[in-house]
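K.L.:
for reference, the sequence and a predicted model appear below.
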Amino acid sequence: MNWTLDKTRLSSPWHEFVGSGNRFTNLQFVGLASLARESSDHMFERMVTSIQTDEARHAQIGHPVLSVLMKHDPDYVQYLLDKWFWRSWRLFSILTGLSTDYLTALDQRPYSFKEFMEEWIIDQYLRTLDEFGLKKPWYWTFFSTNSISTIT
């Protein structure tokens, strides 16, 4: 079965809320709007900015949903965050990592994908885990030593 439509996701609306709050798409749309502005493509800039505002609204749902779920089943919240961080990371690294590090000219690239991940994704994710008293995912050592450290 398709990994985005597995049985547990279909059986629980919480997967969508936690998953959408855990995705990195909002950051992608901010970057795309900025690039469109720099290249004077104002129509694309407006379209992407509109999508980004919708993504920001979805991301804002994450914390309140986590707060409610933590009161009832912290182990389930840990499971959801572990699951969706990994899935989001895998997709994001393919779509954004490749274009950032290999399709952007060095003189026009303000930072590497690894630097971006460390500043904008990992730091924020670890703060969220601390805020809710959750642990790093069970795969964190593998993620930090194999996934992030190999990005150049």
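P.N.:
Structure's in. What do you need?

K.L.:
low-confidence regions, this structure specifically.
P.N.:
When residues are selected by pLDDT under 70, those of the chain lie in 1-28, 148-152.

K.L.:
which elements pack onto the longest helix seen in it?
P.N.:
Longest helix of the chain, by residue count under DSSP state H: helix 42-72. Under the contact criterion of 3 or more CB pairs under 8 Å, 6 or more residues apart in numbering; DSSP states H and E, helix 42-72 touches helix 13-21, helix 25-38, helix 74-92, helix 123-132. (Each C-beta comes from the backbone N, C-alpha and C, glycine too.)

K.L.:
what comes up buried for the next helix or strand after the last one?
P.N.:
Just to be clear, that refers to helix 123-132. For helix 123-132, the following helix or strand on the C-terminal side (DSSP states H and E) is helix 140-142. Neighbour counts using 16 or more other CB atoms under 10 Å place residue 140 of helix 140-142 among the buried residues.
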